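> Quick one, fold the following:
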Amino acid sequence: MDQPLINQVEPALAALARRDKILSALTSASDVFLRGSLATWQENVLQVLRHMGGELGVRRIFLCKHQEITAKRVLTSLRYEWLAAGDQTRVDVAEFQNMNLNEGGFERWAEVLYPGGVLYGERDDFPEGERQWFLSPQWQTLIVVSVFVEWEWWGFIVIEDYSFAGGVSAAELDAFKTVAVTFGAAIRRKRMEESLLRERAAVEEKAKQVADVARFPSEDPWPVLRVKHEGTLTYANRAAEPLIKNWQVTVGGVVGETQQALVNQVIKQGAPLAVDALIGKQTFSLLFVPIMEADYANVYGHDVSRERELDRLKSEFLAIASHQLRTPLTSMRWYSERLLAKRQGLAPDQIEMTQVIHDSSVHLAGLVNDLLNVSRIERGKIEPEPVLSHLKSMIEEVLAELMAQLVEKKIDLKKEIDEEVAPFYFDPELIRQVITNLVANAIKYSRPAGVVVVKVFLFDQHHVGVEVVDQGIGIPEAEQVKIFEKFFRASNARTHAAEGTGLGLALCQMIVEKSGGRIWFTSAPGQGSTFAFVLPYRRS
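Predicted coordinates for the structure are as follows:
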């Protein structure tokens with residue numbers, strides 16, 4: 001490779017490495033925001049800023065939030081700030097609250113940032129009037145990115161002393177914009193949760209005022225009904241009128257088969273049951289409560305449209321964040337593979353840097369694919385497509401793909417496959433993901449020279465079972481109830497293995513249940529875990 005080409009490769013590699021750091025920090029930010037709650041919002045924001053600052057090696061990162069935007073002034077306040085050791089935070093300083101961007105030489109900021117532009121450069125690139133005020137006296141480089149919440153210009157992120165020798169690449173700027181999009185989505189979700197909590201508080205306050213569940217005030221804001229076991233609707237308040245219209249029944253009439261079956265189910269089981277019902281554009285959660293001694297059920301309705309919208313926004317956020325990451329990751333992987341394939345002329349440290357970029361892009365691509373799959377399944381975009389397949393052959397292929405990991409940790413792999421399990425109908429691509437996840441986890445959390453056992457057997461006449469057994473670190477008993485939750489990782493898993501997203505097992509559960517099966521596990525800390533699932537044994 002000639003010298004001019006090497007001179008072009010080195011800045012490109014450096015830019016790719018910087019973008020990789022931004023994407024890595026973005027992945028952690030998404031994880032924190034999705035795990036967090038309203039109670040820990042400020043802590044979550046500071047954790048994200050602290051991680052980004054450390055990952056990118058900058059002096060200071062802070063968020064400004066607008067209080068007022070008019071033609072004459074843009075009032076903004078410094079709300080959240082992370083700074084390197086030795087500097088003083090300015091969040092509580094009055095001088096940095098309600099600052100007018102249209103004064104003090106910062107008029108250009110509003111002009112560039114309001115349409116969604118980015119301000120960046122070295123100190124000398126900025127006019128004298130923009131080098132002071134709420135910026136650090138010593139800053140050398142600056143990147144400023146707008147944060148939008150839907151169409152509202154919420155504020156902006158300022159990053160001081162981000163190292164970009166040779167200039168900021170377009171890919172890096174796109175990555176910083178994606179960081180701002182992530183903050184905007186998190187703020188929107190926070191607002192939805194705040195609204196939902198206010199609504200819940202109002203409902204709970206109303207519930208406290210109801211002393212007798214059998215007494216239904218007609219002015220109650222939510223639907224309240226009473227249905228006898230044979231299906232007769234004996235009461236409905238005014239708020240329930242849209243619901244009974246949807247059910248095509250009037251008081252004194254008989255409800256439909258679906259509603260009657262629900263009433264009989266709760267009376268028989270003696271336990272309440274909640275179901276969703278779409279009424280016009282609103283989604284109501286209907287709680288069927290059995291009144292055992294009177295042989296009827298009360299039905300209480302509550303508008304959960306906001307909750308369902310919050311779920312939709314979460315899935316939308318996952319999909320957007322994943323798609324934003326996928327394109328640059330594909331480019332990173334492709335270019336790094338090309339460089340590794342033609343490494344002549346590259347110094348050893350350049351080869352090592354390229355390998356790190358390649359490995360990181362492969363890891364992040366796996367996370368992105370998991371995010372996309374979770375989002376698609378939740379939105380009903382992925383449905384199993386069963387074809388006649390041989391489970392044994394597929395498992396052999398998965399184990400062959402994981403052989404390098406087995407060899408690296410000197411894991412003794414044992415297979416116990418029942419030859420009586422004939423080919424049956426299942427979706428091979430989806431079930432391959434499940435088995436890959438379970439076996440990869442067993443290897444990851446096993447100690448070196450441990451044993452992993454993969455079993456296939458006839459669970460019963462109508463189901464095929466699969467078990468993956470390891471002798472690894474196990475799962476703490478107190479945390480086992482959360483193991484299939486999205487983004488959850490057991491405390492000992494986080495210390496044992498740095499890599500992991502907490503999406504793998506959630507994805508396994510979604511796929512297995514979508515396929516008509518079920519999944520479960522047993523585990524003991526320090527002794528290992530057994531994950532098992534069953535699938536319908538459909539031969540035709």
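> For Leu56, which residues are in contact?
Residues in contact with Leu56, defined by C-beta atoms under 8 Å, 6 or more residues apart in numbering, are 18, 21-22, 25, 159, 162. Every residue, glycine included, has its C-beta placed from N, CA and C.
> And Tyr296, by the same measure?
226-229, 234, 263, 267 are the contacts of Tyr296 under C-beta under 8 Å, 6+ apart.
> I'd like the contacts of Leu56 as TSV, with distance to Thr40, pLDDT and neighbour count appended.
Output for the contacts of Leu56, formatted as TSV (distance: C-beta to C-beta, whole Å; pLDDT from 0 to 100; neighbours: other C-beta atoms under 10 Å):
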residue	distance to Thr40	pLDDT	neighbour count
Arg18	30	77	21
Lys21	25	77	17
Ile22	24	78	22
Ala25	19	73	20
Ile159	24	89	23
Tyr162	27	82	21
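> any idea which of those residues is closest to Arg108?
Ile159 (17.9 Å; C-beta to C-beta).
> Can you point out the buried residues in the helix or strand Glu43 falls within?
For Glu43, the enclosing helix or strand under DSSP states H and E is helix 41-56. Neighbour-count burial for helix 41-56, with 16 or more other C-beta atoms under 10 Å as criterion, is recorded at 41, 44-45, 47-49, 51-53, 56.
> TSV for these, including distance to Ser515 and pLDDT?
Listed next are these as TSV, based on distance: C-beta to C-beta, whole Å; pLDDT from 0 to 100:
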residue	distance to Ser515	pLDDT
Trp41	37	78
Asn44	35	80
Val45	39	83
Gln47	37	83
Val48	36	83
Leu49	42	85
His51	37	82
Met52	39	84
Gly53	44	84
Leu56	42	83
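> beta partners for the residue lying closest to Ile519 once chain neighbours are set aside?
Nearest non-adjacent residue to Ile519, counting by C-beta to C-beta, 6 or more residues apart in numbering: Phe533, 3.9 Å away. Per DSSP bridges, the residues bridged to Phe533 are Val466, Ile519.
> can you pull the contacts of Phe533?
Counted by C-beta under 8 Å, 6+ apart, Phe533 has contacts 434, 465-466, 508, 512, 517-520.
> tell me which element Ala185 falls in.
helix 170-209.
> Just checking: what are the partner strands of the helix or strand that that helix is followed by?
For helix 170-209, the following helix or strand on the C-terminal side (DSSP H and E) is strand 224-228. With DSSP bridges as the test, strand 224-228 is paired with strand 233-236 (antiparallel), strand 296-303 (antiparallel).
> got the buried residues for strand 224-228?
So strand 224-228, judged by 16+ other C-beta under 10 Å, has buried residues 224-228.
> try stretch 163-176
Those buried within stretch 163-176 under the rule 16+ other C-beta under 10 Å are 164, 168-169, 171-173, 175-176.
> Dump these to a markdown table, plus pLDDT and distance to Val362.
What follows is the buried residues of stretch 163-176, written out as a markdown table (pLDDT from 0 to 100; distance: C-beta to C-beta, whole Å):
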| residue | pLDDT | distance to Val362 |
| --- | --- | --- |
| Phe164 | 73 | 25 |
| Val168 | 78 | 25 |
| Ser169 | 79 | 21 |
| Ala171 | 78 | 18 |
| Glu172 | 81 | 20 |
| Leu173 | 83 | 24 |
| Ala175 | 82 | 18 |
| Phe176 | 84 | 23 |
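> quick check, nearest of those to Thr70?
Nearest to Thr70 among the buried residues of stretch 163-176, with distances taken as C-beta to C-beta, is Phe176, at 27.7 Å.
> burial of the residue nearest to the closest one when sequence neighbours are not counted, as a residue count?
Counting by C-beta to C-beta, 6+ apart, Phe176 lies nearest to Val145, which is 5.0 Å off, once chain neighbours are set aside. Val145 has 22 neighbours, counted by other C-beta atoms under 10 Å.
> one step back: turn the buried residues of stretch 163-176 into a markdown table, including distance to Gly253.
Output for the buried residues of stretch 163-176, formatted as a markdown table (distance: C-beta to C-beta, whole Å):
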| residue | distance to Gly253 |
| --- | --- |
| Phe164 | 72 |
| Val168 | 69 |
| Ser169 | 69 |
| Ala171 | 64 |
| Glu172 | 66 |
| Leu173 | 64 |
| Ala175 | 61 |
| Phe176 | 61 |
